[in-house]
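Asks: Sequence first, then the predicted structure, then my questions.
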Amino acid sequence: MLRIDHYAELDSTNEEARRRALAGERGPVWIRADRQGAGRGRRGRTWVSQPGNLFITGLYVLDTQAGDAARLSFAAALAVADLVEELAPGLNPRLKWPNDVLIEGRKVCGILLESGAAPGGGLWLAAGIGVNLAHHPEDSERPATSLAAHGTKPDPAHAGERLAHHFDIWLQRWQVSGFAPIRDAWLARAHGLGERVVARLETETVEGIFADLMPDGALRLDLADGTRRLISAGDVFFPANPQG
């Protein structure tokens, strides 16, 4: 079983992982907190941390580059989907690029991967994951849900153990076979594949058809003029599904 260190409260589990990594800890270890005072998500967004939900970060030191390790965010999304299917069979979670996990079109988790040079060599990776088990925000920009809203309310400690297990399996596949099996599994659960999508980028907004997930993790967007764009960073929205 993977080691999981539990705290009643932290500023953020990712921040604790970063501190430990810079102090020389190499993992693997998972860090779970009942509460976070400064939880954060992608692109600097605040992550509301209500008790009863899962807040956990896996700390690993890997022999790879930061760009390659970033694609493990897709593995983290798959691990959350595996967790949802295990704890609440039949909900059929879908994955929205790059790493949102949706239940009936509503977001159930947040994922934030951070990394840096490890003091003893290699790359430290903090795989931070928050899952709405008991609560979800009602006023977020992106409609959210929780497992409790679908009739199950898992214990955070048990959910953390199972999530760490599922992520570790995907990590081992990535270490043996690279990104290909993760890409295939992600595409099999992809939300909106073949549908019209709007990508909000840093300096522009583009619209087209979500055509594929590229081998480097970029989203392939086929535009109306016959050209294609590869999107590596940004937010995507599906006009046909206002919730997605």
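Replies: All right, it came through fine.

Asks: okay, CA-based contacts and neighbour counts for the rest of this
Replies: Will do.

Asks: tell me which element the spatially most central residue of the chain falls in.
Replies: The residue lying closest to the centre of the chain (Cα atoms, centre = their mean) is Ile111, at 3.2 Å. Taking DSSP states H and E as the definition, one finds Ile111 inside strand 109-117.

Asks: which residues sit against that strand?
Replies: 14, 40-42, 47, 66, 70, 73, 76-77, 80, 99-102, 123-132 (Cα atoms under 8 Å, 6 or more residues apart in numbering).

Asks: Tell me the strands beside it, with direction?
Replies: strand 123-131 (antiparallel) (DSSP bridges).

Asks: what's the next secondary structure element after the strand it pairs with?
Replies: Stepping forward along the backbone from strand 123-131, the first helix or strand reached (DSSP H and E) is helix 156-177.

Asks: and the angle from that next one to strand 123-131?
Replies: Between helix 156-177 and strand 123-131, the angle comes out at 140 degrees (axes from the mean of the first three to the mean of the last three Cα atoms, to 10 degrees).

Asks: Could you look up the next helix or strand downstream of helix 156-177?
Replies: Using DSSP H and E, the next helix or strand after helix 156-177 towards the C-terminus is helix 180-188.

Asks: Quick check: buried residues in the helix or strand following that next one?
Replies: For helix 180-188, the following helix or strand on the C-terminal side (DSSP H and E) is strand 196-200. Neighbour-count burial for strand 196-200 flags Arg196, Val197, Val198, Ala199, Arg200 (criterion: 16 or more other Cα atoms under 10 Å).

Asks: Could you list the low-pLDDT ranges of this protein?
Replies: Low-confidence segments of the chain (pLDDT under 70): 40-48, 140-141, 241-244.

Asks: Domain parsing of it, as residue ranges.
Replies: 4-189, 195-237 (the TED database).

Asks: Can you get me the centre-to-centre distance for the shortest one and its chain?
Replies: Its chain's C-alpha centre and that of domain 195-237 lie 19 Å apart, by Cα atoms, centre = their mean, to the nearest Å.
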